[in-house]
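Peer 1: sequence plus predicted model, see below.
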Amino acid sequence: MSFLPEAALTELKDLLGPKGFSVESDVLAAHNSEARGKFTGASEIILFPASTEEVAKAVAICAAHDIAVVPQGGNTGRCGGAVAGDKQILINLKRMNKVIEIDGRDFTATVEAGAILQTIHEAAEEQDLLFPLSLGAEGTCQIGGNLATNAGGLNVIRYGNARDLCLGLEVVLPDGTVWNGLSKLRKDNTGYDLRDLFIGAEGTLGIITKATLKLFAQPKHIATAWLAVPSPECAIDLLALARRHTGDGISAFELMSDFAHDLSVTYLQNLTRPLATKTPWHVLIELTSSRSDDDLQTLLVDLLGQAVEIGLASDATIAQSEAQRKNLWAIREGIPEAQGYEGGSIKHDVSVPVSKVPDLLKRGMAAAEALIPGIRPCPFGHVGDGNIHFNFSQPATMDKQVYLAKWESLNGIIHDIVADLGGSISAEHGIGQLKRDDLAHYASVEKLKLLHAIKKAIDPDNRLNPGKVV
C-alpha cells in the first residue's frame, strides 16, 4: 500500500478480518469505476465492515492516521459521489444488509444501510405494507446511498423523496463516534433536525449505518394509462386535471418525447407501442389506492374521456393486465439504456416548478439546437414533481467524441435556463464531483457559506468524502 501506514493497515485487517477488506485488483476495479464511466477511482484498498461498530472503529483508525475515507453503497450513482481519489479508502456497506424490523403498528422499517432497496420492498410486502421509493437501480442500490443522495424516483409526486420517507438515522461521524438518531417518532421538535443534515450530504458529514423508514398501506388497486399529448403545456394541464379528478390519487406522472419513446420500442426487446397515434409527446399516468372498494379503472376512464374531449390528449389506452402495465413501464424505464444505442448522450438531471416545465423544454431545446445543429433532444422524467432528465443525443452525422466535447458548453446553457426559471441543477442524483463547481457557481453566497460552515463544524479535517459537494 503506497500511502497507507503499515500500522494502519494492520489495525484495519485485525479489526475486519479476511472478509472485511480487499486489495485484489479485480475487486478494486469494480468499485473504483462508476455507472457512467466519467470518473475512475484510485483506492488501493476497500473495506467491507459487517456492523456499525466495525464502521466506527475503522473510521477512528483512519482518523488517527489522517486518512480520508469515501463511503460507498451500491455504486449506482451518476455524479461520481462514491468514487475515491488518490490516498483515499473506500468503505462499502454491502455486508450490512439486514432488514432489522418491519413494524406493522408504527408502519416503519428499521434497516441497515447496505440493505438493497428491492429487498426492503419485498420485506414490506410480506407484511402487506409498502415502501414507495422506486428507482431503476432498485435491484442493486443500497438504502444508505439512496438517503445520502436524497434519491427521488418514480413516486415522488405521491410520497416524496427519500428525505420524506425517513424518520431516523444512525450515523458514524468523522472521528469514529456514533450518533444514534434512530427513531420512529413522527413529531420531534427538540432542536435542529440532525437527520436532515446527513440526508443528501453524500457521505461528506457522516456515514449512514442504519435508518428507520416510513411504510404505507400496500395498494390494493392500480390503474395505469398511456396518453398521446400534443405539447408539454397540455401535459401540465392534464396533471392539474388528474390531481383534482382523482383526489391526488396519482402515484406517478411521467412525460417523454416521441424520440425518447421511439428509442425504447426500437432498441429494447419485446416492447409494444401503446398507441398507433403519432404524437410529439407521451404521458404515463398511474393511480393507486389501498382501499379495497375503489374503482380506479372507472375513475381513469372518466379522466381520459375529459382529457380527450377538451384537447389535452389525442388518444389514450388503459392497461388491461399486469403484462400490459409492465410493457408501459418498460418503455419509460428503458429510455436511458436505449439512448445508448444512438451514440453519445449529454445528460441533465434538473428540476423547475411544475408550471415551468414547458418553458424549460422549449427554451432548452432551442438553445441546444443553436449550439449544436442537428442535436436530438431526448427529454423524459417525473414531470409530476418538475424533475426532467433533459438528455440530448448526438446529431446522426456528428462524431461521438466531437459531440461529447461540447458537454460543458451545453451544461452551462441548460443550467442557466434552469436557474432563470427558479429551478435546481440537481433534482435527484446529487452533486458528487460532477456538479460541485456548478453548485459553487449557481448557489447563493449565503447558502455556500452555510454549507461550508456545516462541513467545517462536523468534519474540520475534511476526512469524509473530500472533494464532493463542497
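Peer 2: Happy to help now that I have it. Nothing here was measured: the structure is a model prediction, and the numbers come from that model.

Peer 1: show me where the stretch 51-200 of the chain has strands.
Peer 2: In the stretch 51-200 of the chain, the strands defined using DSSP state E, counting those that start in this stretch lie at 68-72, 88-92, 99-103, 108-112, 129-130, 166-172, 178-181.

Peer 1: who are the neighbours in contact with the residue nearest the centre of the chain?
Peer 2: The centroid of the chain falls nearest to residue 151 when counting by CA atoms, centre = their mean (3.6 Å). Residue 151 makes contacts with 133, 135, 141, 145, 161-162, 428, as judged by CB atoms under 8 Å, 6 or more residues apart in numbering. Bear in mind the C-beta positions are built from the backbone N, C-alpha and C, glycine included.

Peer 1: surely residue 414 is in contact with residue 349?
Peer 2: No. Using CB atoms under 8 Å, residue 414 is not in contact with residue 349, being 10.6 Å away.

Peer 1: among the two, which residue is more densely surrounded?
Peer 2: Taking other CB atoms under 10 Å, residue 414 and residue 349 do not tie; residue 414 has more neighbours (25 against 22).

Peer 1: if we can go back for a sec, for residue 259, find the nearest of the strands of the stretch 51-200 of the chain.
Peer 2: Residue 259 lies closest, by CB to CB, to one member of these: strand 129-130, at 33.5 Å.

Peer 1: just checking, what packs against the closest one?
Peer 2: strand 216-217 (3 or more CB pairs under 8 Å, 6 or more residues apart in numbering; DSSP states H and E).

Peer 1: find residues that contact each of residue 414 and residue 349.
Peer 2: Shared contacts of residue 414 and residue 349, defined by CB under 8 Å, 6+ apart, are found at residue 390.

Peer 1: residue 183: how many residues sit nearby?
Peer 2: 14.

Peer 1: let's have the chain start at 509 instead
Peer 2: Got it, first residue is 509 now, which makes that one residue 691.

Peer 1: now the residue nearest to it when sequence neighbours are not counted: how far from residue 916?
Peer 2: Residue nearest to residue 691 in three dimensions, not counting chain neighbours: residue 676, with 3.5 Å by CB to CB, 6 or more residues apart in numbering. Residue 676 sits 40 Å away from residue 916, taking CB to CB, to the nearest Å as the criterion.

Peer 1: so where's the stretch 709-858 of the chain uncertain?
Peer 2: Across the stretch 709-858 of the chain, not a single residue meets the criterion (pLDDT under 70).

Peer 1: that one: strands as residue ranges?
Peer 2: Using DSSP E, counting those that start in this stretch, strands in the stretch 709-858 of the chain cover 715-722, 724-725, 729-737, 758-765, 789-797, 823-826, 853-854, 857-859.

Peer 1: okay if I get these as TSV plus distance to residue 687?
Peer 2: TSV is the format used below for these (distance: least, CB to CB, whole Å):
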stretch	distance to residue 687
strand 715-722	10
strand 724-725	27
strand 729-737	39
strand 758-765	33
strand 789-797	35
strand 823-826	48
strand 853-854	40
strand 857-859	30
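
Peer 1: most tightly surrounded among the ones you listed?
Peer 2: strand 715-722 (a mean of 26; mean count of other CB atoms under 10 Å).

Peer 1: what lines up beside it in the sheet?
Peer 2: strand 616-620 (antiparallel), strand 674-680 (antiparallel) (DSSP bridges).

Peer 1: related to what we said a few turns ago, in helices, which of the contacts of residue 659 fall?
Peer 2: Taking DSSP state H, the ones among these that sit in helices are residue 653.

Peer 1: looking at the strands paired with strand 715-722, spot the one closest to residue 728.
Peer 2: strand 616-620 (20.0 Å).

Peer 1: return the set of buried residues in the closest one.
Peer 2: 616-620 (16 or more other CB atoms under 10 Å).

Peer 1: return stretch 790-810 as CSV; C-alpha atoms alone will do.
Peer 2: The C-alpha coordinates for stretch 790-810 follow below in CSV (Å, rounded to 0.1, in the frame of the first residue of the first chain):
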residue,chain,number,x,y,z
HIS,A,790,-46.4,10.9,-24.4
VAL,A,791,-47.6,10.7,-20.8
LEU,A,792,-47.7,7.7,-18.5
ILE,A,793,-50.0,8.1,-15.5
GLU,A,794,-50.6,5.6,-12.7
LEU,A,795,-53.2,5.7,-9.9
THR,A,796,-53.1,3.6,-6.8
SER,A,797,-55.4,3.0,-3.9
SER,A,798,-55.1,0.9,-0.7
ARG,A,799,-58.9,0.9,-0.3
SER,A,800,-60.5,-2.4,-1.3
ASP,A,801,-63.6,-0.9,-2.8
ASP,A,802,-62.1,1.8,-5.1
ASP,A,803,-62.8,1.5,-8.8
LEU,A,804,-59.7,3.2,-10.3
GLN,A,805,-60.4,1.9,-13.8
THR,A,806,-63.7,3.8,-14.0
LEU,A,807,-62.1,6.8,-12.5
LEU,A,808,-59.3,6.7,-15.0
VAL,A,809,-61.7,6.2,-18.0
ASP,A,810,-63.6,9.3,-16.9
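
Peer 1: and the gap between residue 727 and residue 639?
Peer 2: Taken as CB to CB, the span from residue 727 to residue 639 is 12 Å.

Peer 1: who's in contact with the nearest residue to residue 565 once chain neighbours are set aside?
Peer 2: Nearest residue to residue 565 in three dimensions, chain neighbours excluded: residue 523, at 5.4 Å (CB to CB, 6+ apart). By CB under 8 Å, 6+ apart, residue 523 lies in contact with 562, 565-566, 569.

Peer 1: hang on, residue 939 in a strand?
Peer 2: No. According to DSSP: H, G, I helix; E, B strand; the rest coil, the state of residue 939 is coil, so it is not within a strand.
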